[in-house]
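A.B. asks: okay, here's the prediction I keep looking at, along with the sequence it came from:
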Amino acid sequence: MSGPAERSFAVRLLRALPTALAWAALVAVAWWGHHTGWAAPSFASLFGGRPPAADDWCNAHGVPFTKCIACHPELSGADPADWCKEHGVPESKCTVCHPELLKTGVADDWCKEHGVPESCCTICHPEIAHRDGALPHAAPPDDGPEVTADETAVAPAPTPGKDPRTCQKHALKVQFASTAAIDKAGVRLGVVTERRMAESIAAPAAVEYDRAHYANVVARTAGIARFVDRPPGARVAAGDLLAVIDAAEVGRAKSELLAAEAADRAAQGAVQRIARSVELGTRSEAEGAQAAAAAAAAAARLYDARQALQALGLPLPDGPATAASVARLGLPEAVLDGAADRQSANLLPVRAPIDGVVVAREVVTGEAVAPGAPLFAIADMQRLAVRIDVPEALAGRAAPGARVLFRPQSASDVAYAGAIDWIATALDEHTRTLQMRALVDNADGALRVHAFGTAQVVIRAAATAIAVPNAAVQWEGCCHVVFVRIADTVFQPRKVRLGTRDAACTEILVGLLPGEVIATGGSGVLTAAIQSSNLGAGCCGDH
């Protein structure tokens, strides 16, 4: 067995081991710092590594020394005499070394008209575009797929309240040691393209009946329902029989028609007889005038009787009215033959006024009905209305005729297309939203009334829009940027103004032109590189 002295020595050795390791680490750091000039490893060296030719290597920036644009700014077209080596931009534009450049609060190269730096404005200066040919791993520009209502884009959310006019990070450049280093960093290249895009706003919506193709069928007079047909859900055509009402007022109206027609025929005959007598001199002209007045009164009575029948929904007889023809007026033979009281003259048919589906039935056989009582509701389910509640801030962007895409909550993967046909003239007092209505096709009958969902209202459609993959757009602290390849191993952030965005692409309003080669996948690595610079750091502050 080992003695107490040996165990004590082992314990002291173990306790001293962490201190020895710490001193060893400090010695290693001192050795590394002495041999590297105490310079931190550059962004490019982390991915590119040091090439075999040690005599052509920039330790400070981790790229070949003869190609280092930071040490040799003339390689990128800059003036070496006007170069800030500390911040990697022209000295005359370095707002860190010369804050007086921002005495107006805006950098000298700001394009007020288009909201980007002048050196990034492809509208004012299309010559700044870098189109350096096709790429082995990038798709060539094309028009993109046909944009349908199902592919409309939603406007991107507003950016935070920063002032990008004082930021100069677009003047920075990121250089890699080699093209292999670009692949190692996970950066993928793509080409700026043109494609069709459409911008839309999303708002909550609910399905309603189309009131232009909806009918409430009510009782025209008091009576008893003798025959009721067509249950809810039944499809009907305009003119189909729905029910038969036994109403005393119908009998009185038919009797009045018979009496009025008889009186009219008698009055017309009297006028003819008296007129012949006046010609023969056996009657006076005054008697002829009285007969004409009586005939006019009889004609007015007949007119009123006909109007009363039509007000009840009954058709007028084709020829002279008879008791038999008037009793069966408006009733099909099938109903008369099957009715126990088919000899009654009080029967009033109730017919469908439009084509559609019976969506409600409020009457049963034998039930007493009052004037104006609802009997049936019929709707055309082939076309429905979608009521959209658009927030007040967005209400002014939609117009009649705008395309609409409605997705119900119960089936968000199914879309119903339509168009705005009505916009309210006033905001809702409680919700502060503006109601709009769109008619959508429901030929398959799957859409249900009162279903809730989301409607996308297309507010702008562009046949050709400059677009990039969504992954290419980066937020660098105060601005959206896209990294443009200006040389085989050099990228420069280009400040851009965004338009619409869909599931795949983002529209670029200003800052890029079709054919430029950009970083798509892995562009966040480049963003991290420029964020390490304190150039324009003040641009991220609140103003």
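C.D. replies: Thanks, I have it.
A.B. asks: next structured bit after the least confident helix or strand in the chain by mean pLDDT?
C.D. replies: In the chain, no helix or strand scores lower on mean pLDDT, DSSP states H and E than strand 153-154, which sits at a mean of 48. Counting by DSSP states H and E, the next helix or strand C-terminal to strand 153-154 is strand 174-175.
A.B. asks: and the next helix or strand after that following strand, what does it pack onto?
C.D. replies: Next helix or strand after strand 174-175 toward the C-terminus (DSSP H and E): helix 179-184. The contact analysis (3 or more CB pairs under 8 Å, 6 or more residues apart in numbering; DSSP states H and E) places helix 179-184 against helix 43-48. C-beta: built from backbone N, CA, C; applies to glycine.
A.B. asks: what average pLDDT does the helix it packs on get?
C.D. replies: Mean per-residue pLDDT for helix 43-48: 52.
A.B. asks: then stretch 347-357?
C.D. replies: The model assigns stretch 347-357 a mean pLDDT of 93.
A.B. asks: which stretches of the stretch 151-300 of the chain form strands?
C.D. replies: Secondary structure of the stretch 151-300 of the chain (DSSP state E, counting those that start in this stretch): strands at 153-154, 174-175, 189-191, 193-209, 214-218, 223-228, 235-236, 241-246.
A.B. asks: try the stretch 351-500 of the chain
C.D. replies: 356-361, 368-369, 374-379, 383-391, 403-408, 416-423, 433-441, 452-469, 474-475, 480-487, 490-495, 497-501.
A.B. asks: list the helices and strands the fourth one packs on?
C.D. replies: This points to strand 383-391. Counting contacts by 3+ CB pairs under 8 Å, 6+ apart, strand 383-391 is packed against strand 193-209, strand 403-408, strand 416-423, strand 433-441, strand 452-469.
A.B. asks: out of those strands, nearest to V363?
C.D. replies: Using CB to CB as the measure, strand 193-209 is the one of those that comes nearest V363, at 20.2 Å.
A.B. asks: between that closest one and strand 383-391, how big is the angle?
C.D. replies: When axes from the mean of the first three to the mean of the last three CA atoms, to 10 degrees is applied, the directions of strand 193-209 and strand 383-391 differ by 110 degrees.
A.B. asks: okay, now the sheet partners of strand 193-209, with direction.
C.D. replies: Here strand 193-209 is paired, per DSSP bridges, with strand 153-154 (parallel), strand 383-391 (antiparallel), strand 452-469 (antiparallel).
A.B. asks: using PDB, write out the CA atom coordinates for it.
C.D. replies: The C-alpha coordinates for strand 193-209 follow below in PDB (Å, rounded to 0.1, in the frame of the first residue of the first chain):
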ATOM      1  CA  THR A 193     -34.900  37.800 -63.100                       C
ATOM      2  CA  GLU A 194     -38.100  39.300 -64.400                       C
ATOM      3  CA  ARG A 195     -41.400  37.600 -63.600                       C
ATOM      4  CA  ARG A 196     -45.100  38.400 -63.200                       C
ATOM      5  CA  MET A 197     -46.100  39.400 -59.700                       C
ATOM      6  CA  ALA A 198     -49.200  40.700 -58.000                       C
ATOM      7  CA  GLU A 199     -49.700  42.500 -54.700                       C
ATOM      8  CA  SER A 200     -52.600  41.900 -52.500                       C
ATOM      9  CA  ILE A 201     -54.000  42.800 -49.000                       C
ATOM     10  CA  ALA A 202     -55.400  40.200 -46.700                       C
ATOM     11  CA  ALA A 203     -58.600  40.800 -44.700                       C
ATOM     12  CA  PRO A 204     -61.100  38.700 -42.700                       C
ATOM     13  CA  ALA A 205     -64.200  37.700 -44.700                       C
ATOM     14  CA  ALA A 206     -67.500  35.800 -44.400                       C
ATOM     15  CA  VAL A 207     -69.700  34.100 -47.000                       C
ATOM     16  CA  GLU A 208     -73.200  35.500 -47.600                       C
ATOM     17  CA  TYR A 209     -76.000  34.800 -50.100                       C
END
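A.B. asks: use 801 as the first number from now on
C.D. replies: Done: numbering now begins at 801, and the last item shifts to strand 993-1009.
A.B. asks: just want the most central residue of this structure.
C.D. replies: Ranked by distance to the mean C-alpha position of the chain (CA atoms, centre = their mean), the top residue is Q1256 at 2.1 Å.
A.B. asks: ok, it touching A1202?
C.D. replies: No - assessed by CB atoms under 8 Å, Q1256 is found out of contact with A1202, at 10.1 Å.
A.B. asks: gap between the closest residue to D1180 other than its chain neighbours and D1064?
C.D. replies: Leaving aside its sequence neighbours, D1180 sits nearest to H1013 (CB to CB, 6 or more residues apart in numbering; 3.6 Å). Taking CB to CB, to the nearest Å as the measure, H1013 falls 41 Å from D1064.
A.B. asks: thought I1045 was touching A1025?
C.D. replies: Yes - contact criterion CB under 8 Å: I1045 and A1025 qualify, at 5.9 Å.
A.B. asks: give me the common contacts of the two.
C.D. replies: Common contact partners of I1045 and A1025 (CB atoms under 8 Å, 6 or more residues apart in numbering): V1169.
A.B. asks: who has more neighbours out of these two?
C.D. replies: Higher neighbour count among I1045 and A1025: I1045, with 28 against 19, using other CB atoms under 10 Å.
A.B. asks: quickly list what the more buried one is bridged to.
C.D. replies: With DSSP bridges as the criterion, I1045 is bridged to A1025, L1148.
A.B. asks: tell me how far it lies from T1254.
C.D. replies: For I1045, the distance to T1254 (CB to CB) stands at 45 Å.
A.B. asks: so how far is stretch 1085-1096 off the chain centroid?
C.D. replies: Chain-centre distance of stretch 1085-1096: 73 Å, with CA atoms, centre = their mean, to the nearest Å.
A.B. asks: so the residue nearest to L1058 when sequence neighbours are not counted versus A1053, what's the distance?
C.D. replies: For L1058, ignoring the flanking residues on the chain, the nearest one in space by CB to CB, 6+ apart is A1121 at 5.6 Å. Here the criterion is CB to CB. By it, A1121 lies 12 Å from A1053.
A.B. asks: what does L1184 give?
C.D. replies: In this view, L1184 and A1053 are 38 Å apart by CB to CB.
A.B. asks: which residues touch S1212?
C.D. replies: For S1212, the contact set (CB under 8 Å, 6+ apart) comprises G1253, T1254.
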